[in-house]
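[1] Fold the stuff below for me.
(chains A and B)
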Amino acid sequence: MRQTVNRIRRLWKFRGGVHPPQQKNISTSAPISPAQLPERLVLPLHQHIGEPAEPIVNIGDKVLKGQMIARPQGYVSAPIHAPTSGTVIDIGNYPVPHPSSLSATCMVIHSDGDDRWIEHHAVEDYFRLPPSELRNLIREAGIVGLGGAGFPSYIKFNPGQQKAIQTLILNGVECEPYITCDDLLMRERPQDILSGLLIIQHALQAHECLVAIEDNKPEAFVALRQATEDYDNIEVVQVPTLYPQGSEKQLVKVLTGKEVPADGLALNIGVVCANVGTAAAVHNAIHRGEPLISRNVTITGSAIGSPRNLNVLLGTPMRELIEQCDGNLDRIERLIMGGPMMGFALHRPDLPVIKTTNCILAATAEDLPPQRPELPCIRCGACADTCPVNLLPQQLYWYSKHQNLDKVQEFNLFDCIECGCCSYVCPSNIPLVQYFRFAKGDIWTQEREKEKSDIARRRHEFHQFRVARDKEERQAKRNRKKAALKADTAAAERDKKKAEIQAAIERTQTRRQDAMKDAEMRRSSYQGRTRDHSTAGNAGQQPENSSDTEQK
Amino acid sequence: MLSALLALSALAIVFGLLLGFSAIKFKVEGDPLVEKIDAQLPQTQCGQCSYPGCRPYAEAIAKGEADINQCPPGGETTIIALADLLERDPKPLNPENGEIKPKTVAIIDEPRCIGCTLCIQACPVDAILGAAKQMHTVIARECTGCDLCVEPCPVDCIDMVPITQDILTWKWPYPDTSLEKAS
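    Now for the predicted structure:
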């Protein structure tokens, strides 16, 4: 029954694409083996898309394997765990694998050689947990997309409000040449991938699951087909080999026929994609309680004596891995992290492996001939024929070259997935993708500066407003003080006048009383005189006195 | 004859009212050209253009009093943007206004700061934090690198340091496809 279902599943095609030499057989003969425990591990705090993690241990602290040493900062972020037991010997700037060859904040752990785990346990009955709790566990385990981009997985595994996820796609396409870490993982641990898939399916409440594998990986296809035999809603689909099929938007088109909107996500059309490596990491986190502290890395290229896949602790220096695979550092022309199409060159071999390191390609001149001189564009249109997102690379090239940033956006530069097909087919050796990356960076820088200048404008306007307001306030205060002073003097004067008037009134009153008294006395003395002559002398003087006071 | 006159005057009245109404209804506040010019300026507020800030310079350009090549922090990008906006020919930066320098940020050598608040008063974007007789510090995120705080400092404790590039602000360089490199 299932055989028929598989035979009739219709596949769509995306436009364009190229067939670069596979070079995958180089590294598939040996099984995945664990890399040696390094003495010193360097862990960048920014190994994922989003905000860097924030250290929660100090220099000199002893840490155990699997212990969280840096916690996520903000929503789009992921924690970092100690890949082995040892001592934190430094937190500072160290060179990291990045196209800029700049340094970034890293934690350095000196391994004690015991590789002792912190206490950890599996989650029992995960299917009884609500999906949000499951997502939290995935976040705590520091799991990010292991396909190469490193987007925090717990965000992807959130279907959002009232959004039913129709299809969960497990991406085992691995279309980039040379890389085989997913292929080997699918061959060796299909049960782990299946169990991770079931967990993700539960977190997303997805209706159906598709596992996509390119037809150049028949062993992996068979292994996963056998592992998923008993599940009706899981289907393993073989897709024809074509680069860049592993890109999310292209794979969604091939499997469902639906196109992801230009400014949207696969989630918008009810699809979520996850890498097979991510599924295995989810299995480790839930069924073993182990956070993401190691990953599979393909060590390949002509400069490597025995190319193969290693299970590597994060933070291991690449130089040690190259040496373990009998690599010859002197023969390396170009050391590339990732594949030849989308990877980037590293400036030195002692950089650490991070969560997004899927491949270390130690290439000689025969693997990757040096960039030939750029010739003028002959307008052949090969780039437009091969572009998997239906862009016009030639137009984008003209405008990027002349830094016409408005025009280049009109031609949808930001839909470019930087797959490198156009550069690959260009007969004039024009490094088109480099022009596009440059233009994108220029636009982002300009936007950042615009934002900054807008803030500066607002702050300056507020500064002016504040200065004017302070001046006004000071002036008003001064005026108030002046007015108060004036009022005070006026009141004092008024009081003085009042007092004077009062005094005058009192004076007159006393005078009047005196006068009345005099008159009284005069009258009484007069009466007395008429009765008693002995007092006549005194009485006779009194009128003189009273007339004196009156004159005064 | 009369009907024609009447019709014409009726039309004149109607259009007159319409124009009068729209003059009030669709009145443009301020000068939109000044806004557009101001949006192109880097908002450093450094005064190197000889105007007290970016907006006064924008007003001067709009009035035709100032040329478009007087903004050193904006550099070539701003000159070209202004030339596009005003449909003029771009010209090189006027050396009298200064030269194009890499972006900088002010840093106060804190042990030397005496807390005089002079730099706080000079900062056009209020990016310096402090109080009288307290140590001051620059909020680096808000600093426009205008240099205006350096001069007033009596103890010379403010340095302008170039902004170093980190991984988050790094961008891909312009492809180097010269023949020498390729061969």
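
[2] tell me the contacts of A:K452?
    Counting by Cβ atoms under 8 Å, 6 or more residues apart in numbering or on different chains, A:K452 touches B:Q43, B:T144. Yep, even glycine has a C-beta here, placed from its N, CA and C like the rest.

[3] for A:R187, same thing?
    Going by Cβ under 8 Å, 6+ apart, A:R187 touches A:E219, A:A220, A:A223.

[4] Near chain B, list only the ones from the residues you listed.
    Checked against chain B using Cβ under 8 Å from any Cβ of the partner chain, these yield no neighbours at all.

[5] which stretches of the stretch 1-150 of chain A form strands?
    In order along the chain, the stretch 1-150 of chain A carries the following strands (DSSP state E, counting those that start in this stretch): A:33-34, A:40-44, A:54-55, A:62-63, A:68-71, A:80-81, A:86-95, A:103-111.

[6] closest to chain B out of those strands?
    Nearest to chain B among those is strand A:103-111; the distance by Cβ to the nearest Cβ comes to 5.0 Å.

[7] Just the C-alpha atoms of stretch A:451-465, please, in PDB.
    As requested, the backbone C-alpha atoms of stretch A:451-465 are provided in PDB (Å, rounded to 0.1, in the frame of the first residue of the first chain):
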ATOM      1  CA  GLU A 451      17.900  54.900  11.900                       C
ATOM      2  CA  LYS A 452      20.700  56.400  13.900                       C
ATOM      3  CA  SER A 453      20.400  59.800  12.300                       C
ATOM      4  CA  ASP A 454      16.600  59.800  13.000                       C
ATOM      5  CA  ILE A 455      17.300  59.100  16.600                       C
ATOM      6  CA  ALA A 456      19.900  61.900  16.600                       C
ATOM      7  CA  ARG A 457      17.400  64.300  15.100                       C
ATOM      8  CA  ARG A 458      14.800  63.500  17.700                       C
ATOM      9  CA  ARG A 459      17.300  63.800  20.500                       C
ATOM     10  CA  HIS A 460      18.600  67.100  19.100                       C
ATOM     11  CA  GLU A 461      15.000  68.500  18.800                       C
ATOM     12  CA  PHE A 462      14.300  67.400  22.300                       C
ATOM     13  CA  HIS A 463      17.600  69.000  23.500                       C
ATOM     14  CA  GLN A 464      16.600  72.300  21.900                       C
ATOM     15  CA  PHE A 465      13.100  72.100  23.400                       C
END
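
[8] quick one: average pLDDT of that stretch?
    Over the span of stretch A:451-465, the pLDDT mean works out to 92.

[9] for that stretch, which positions count as buried?
    Within stretch A:451-465, the residues that qualify as buried by neighbour count (16 or more other Cβ atoms under 10 Å in any protein chain shown) are A:K452, A:S453, A:A456, A:R457, A:R459, A:H460, A:H463.

[10] Report the secondary structure state of the closest residue to the third one other than its chain neighbours.
    It stands for A:A456. With Cβ to Cβ, 6 or more residues apart in numbering or on different chains as the criterion, A:A456 has its nearest non-adjacent residue at 3.9 Å, and that residue is B:Q43. Under the three-state scheme (DSSP: H, G, I helix; E, B strand; the rest coil), the conformation of B:Q43 reads as coil.
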